[in-house]
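K.L.:
fold the following.
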Amino acid sequence: MLRPISDNDFSAWSEVRRLNADWLEPWEPLRPPYVTDPAVDRSAFVARCRAREREILSDSAYPFGIFVEHRLVGEVNLNNVVRGALQTGTIGYWIDRRQAGNGYVAESVAVVLRHAFERLDLHRVEICIVPRNTNSRRVVEKLGLRCEGTAERYLQINGVWEDHLRFAMTAEEWRDRRAEMASRWLEAEPPNASAGLQ
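P.N.:
Down below sits the predicted model:
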């Protein structure tokens, strides 16, 4: 199940992030020295939750925890939602190393794609990946997302401006592939949004 992470998830989120620091941090932006790590400081984690709530209310991002058998194992986020003529967003994700390889991230991304195209009415969603991040690339390969090429020095990752491969799907592609995606990754119909996304 996917649902927004709440204050009550601090212990689980902190544990999985601390256990996976070496696995995750090479692929993430550096945290500025003046920003407290939410994995070690509950008040910083609560502030992070409030910021995520504001993003949802402002229609600028839709963050979700990935829960397997009620246990937090990662996150998948629809970020940088832009309306107007673009109608776009960017998906990012991470998973507990102990849960990698089970298809949880690919399934979660498929659910978020359905949410983006069928509930939020976005026209385009992209996923940007450092080329050597083979685990992350495997997710988009499983889903069959279209590669649009390389964006040079696209994002600062671990202190370095890294090239990123840009993968994307449009609403037209989603409509053409919805039945295939649903049969492999999704339930037939989306559940009530208040209960989380499945």
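K.L.:
show me what contacts the spatially most central residue of the chain?
P.N.:
With distances taken as C-alpha atoms, centre = their mean, the chain has Val76 as the residue nearest its mean C-alpha position (2.5 Å). Listed by C-beta atoms under 8 Å, 6 or more residues apart in numbering, the contact partners of Val76 are Leu2, Phe64, Ile66, Ile91, Gly92, Tyr93, Val105, Ser108, Val109, Val111, Val112. Yep, even glycine has a C-beta here, placed from its N, CA and C like the rest.
K.L.:
element containing it, please.
P.N.:
Secondary-structure element containing Val76, defined by DSSP states H and E: strand 71-82.
K.L.:
list the strands paired with that strand, with their directions.
P.N.:
For strand 71-82, the paired strands and their directions (DSSP bridges) read strand 62-68 (antiparallel), strand 88-95 (antiparallel).
K.L.:
will you turn the ones you listed into CSV that also has distance to Arg137 and mean neighbour count?
P.N.:
Shown next, in CSV, are these (distance: least, C-beta to C-beta, whole Å; neighbours: other C-beta atoms under 10 Å):
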stretch, distance to Arg137, mean neighbour count
strand 62-68, 19, 21
strand 88-95, 12, 21
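K.L.:
in CSV, list those strands along with distance to Ala179 and mean pLDDT.
P.N.:
Formatted as CSV, the strands paired with strand 71-82 follow (distance: least, C-beta to C-beta, whole Å; pLDDT from 0 to 100):
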stretch, distance to Ala179, mean pLDDT
strand 62-68, 24, 98
strand 88-95, 21, 98
